[in-house]
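Participant: just the structure for this:
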Amino acid sequence: MLAIGKRAYARSRPYPQSKVRIVNEAVELLRKYPYVFLFDLHGLSSRVLNEYRYRLRPYGAVKVIKPTLFKIAFAKVFGGVPAEVAERVRGEVGFFFTEVNPAEVIKIVAENSVRRAAQPGDKAPFDIVVPAGPTNASPGPIISKFGKLKIPTRVQEGKIWIAKDTVVAKAGQEITPEMAEVLRVVGIEPIFEQLRLLGVIWRGQRYVDISELVIDVAKYRELFEAAATYARNLALNVVYPTREVLQVVLPAAHMRAVALAARLGVVTRETLPVLLSRAVAEANALAAAVAGRAPELGISVAAPQPAAQPQAAQQAEAPKEEAVEEKKEGPSEEEVAGSLASLF
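Facilitator: This next block holds a predicted model:
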């Protein structure tokens, strides 16, 4: 019943069966699917809409329902229409009923873009190339438009032939009327159009804008990589026993144990080469010291061999530094570990 001034209006005639059928169908869809996407119908061609009806059929149902009828069905199912939903369901909008995760729906819609012919004002998504070869166009005024775009042509067998591959539009360039007509003549459809999703009605309770559902995959990848790096560093610091940590910790612990054994003089298979090398170095140093003070003993110490190559020089510098430190307090832990690592 509708009140107009002091009079009340009551509908006497029954509602049209077509509208009743649409409302009942919307009620069934609202009860079946938890998510209802809204998309913009303004400027959307019927070809693109029908393509999406077919491609999204495995994931739900694409419907075009008048906003008033949709609100009536919504109120029947959920007992009322929230203000934010009523505000969004207006104008030229379509509906996609689905039970697929909303974030996944955005990805599905993007992957099912529909290819169409270019129109004036569109932006070239990539460099558009007109390939060499015959066209179905007959000679006529269209040849002048090929000429404006600097596309070399010739007439052969009653048709226009393109002499060589030609770029008619760079990526991001606006399509002009001449470009659109030439691309239509040669049969190139460079534009990929998709549904312009506006938002989703979440289980009949609230409206979520589409900007809150778009996932930046590259950003999330960087965050996951950074988190993995921090977790690995923390696990190494606390020596948390996992396969990745043990692969690093166990060799380091083994090298420290060998270095400690070498410093304490414990003879093992791993420390024996280091102990022998240190003993030889100390014996040579002692012989050199005694040879100068007691020449009658006839002790001679072999002079170190000159370095023949740069690599040999680098190798010779390391023992020299070790010998200097051995005079003080013996080899350090890192040097022993490095020398052991070179042996293996």
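
Participant: C-alpha only now, for contacts and for neighbours.
Facilitator: OK.

Participant: please confirm that residue 263 is located within a strand.
Facilitator: No - read with DSSP: H, G, I helix; E, B strand; the rest coil, residue 263 is helix and lies in no strand.

Participant: in the stretch 151-300 of the chain, which spans are helices?
Facilitator: 177-186, 217-238, 243-264, 272-293 (DSSP state H, counting those that start in this stretch).

Participant: and of these, who's closest to residue 84?
Facilitator: helix 217-238 (29.0 Å; Cα to Cα).

Participant: and the residue lying farthest from the centre of the chain, what is it in contact with?
Facilitator: Distance from the C-alpha centroid of the chain peaks at residue 296, with 80.6 Å (Cα atoms, centre = their mean). For residue 296, no contacting residues are found, by Cα atoms under 8 Å, 6 or more residues apart in numbering.

Participant: returning to what we had before: pick the most buried one from the helices of the stretch 151-300 of the chain.
Facilitator: When those are scored by mean count of other Cα atoms under 10 Å, the highest mean neighbour count falls to helix 177-186 (a mean of 17).

Participant: give me the helices and strands touching that one, please.
Facilitator: Judged by 3 or more Cα pairs under 8 Å, 6 or more residues apart in numbering; DSSP states H and E, helix 177-186 is in contact with helix 142-148.

Participant: for the helix it packs on, name the packing helices and strands.
Facilitator: By 3+ Cα pairs under 8 Å, 6+ apart, helix 142-148 packs against helix 177-186.

Participant: kindly export the helix it packs on (C-alpha atoms) in CSV.
Facilitator: C-alpha atoms of helix 177-186 as CSV (Å, rounded to 0.1, in the frame of the first residue of the first chain):
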residue,chain,number,x,y,z
PRO,A,177,39.4,6.3,-36.6
GLU,A,178,41.7,5.5,-39.5
MET,A,179,43.6,2.8,-37.4
ALA,A,180,40.3,1.3,-36.3
GLU,A,181,39.0,1.0,-39.8
VAL,A,182,42.2,-0.4,-41.2
LEU,A,183,42.4,-3.0,-38.4
ARG,A,184,38.8,-4.0,-39.0
VAL,A,185,39.6,-4.4,-42.7
VAL,A,186,42.6,-6.7,-42.1
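
Participant: quick one: which helix or strand includes residue 86?
Facilitator: Element membership of residue 86, judged by DSSP states H and E, is helix 83-88.

Participant: show me the shaky parts of this structure.
Facilitator: 1-8, 301-344 (pLDDT under 70).

Participant: can you list the domains in it?
Facilitator: 17-113+194-215, 122-189, 218-288 (the TED database).

Participant: just put those in a markdown table and tack on distance to residue 300.
Facilitator: Below are these laid out as a markdown table (distance: least, Cα to Cα, whole Å):
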| stretch | distance to residue 300 |
| --- | --- |
| domain 17-113+194-215 | 78 |
| domain 122-189 | 82 |
| domain 218-288 | 8 |
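
Participant: relative to residue 11, which of those domains is closest?
Facilitator: Closest among the domains of the chain, using Cα to Cα: domain 17-113+194-215, at 14.8 Å.

Participant: first-to-last residue distance for that closest one?
Facilitator: 43 Å (Cα to Cα, to the nearest Å).

Participant: and stretch 40-50, by the same measure?
Facilitator: Start-to-end span of stretch 40-50 (Cα to Cα) is 14 Å.

Participant: what's in contact with the helix holding residue 86?
Facilitator: Here helix 83-88 has contacts from 71, 201, 206, 207, using Cα under 8 Å, 6+ apart.

Participant: next step: those restricted to strands.
Facilitator: Per DSSP state E, strands hold the following members of those: 201, 206, 207.

Participant: residue contacts, the first one?
Facilitator: Just to be clear, that refers to residue 201. Contacts of residue 201 (Cα under 8 Å, 6+ apart): 35, 36, 37, 38, 85, 207, 208.

Participant: swap the cut-off to 10 Å and go again
Facilitator: 34-38, 84-85, 88-89, 95, 97, 207-209 (Cα atoms under 10 Å, 6 or more residues apart in numbering).

Participant: want to throw those residues into TSV with distance to residue 161?
Facilitator: Putting these into TSV (distance: Cα to Cα, whole Å) gives the following:
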residue	distance to residue 161
34	55
35	52
36	50
37	47
38	46
84	58
85	56
88	52
89	51
95	46
97	48
207	55
208	53
209	50
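
Participant: centre of the chain to stretch 216-228, how far?
Facilitator: Distance of stretch 216-228 from its chain centroid, counting by Cα atoms, centre = their mean, to the nearest Å, is 9 Å.

Participant: now do stretch 135-155
Facilitator: On Cα atoms, centre = their mean, the centre of stretch 135-155 falls 43 Å from the chain's centre.
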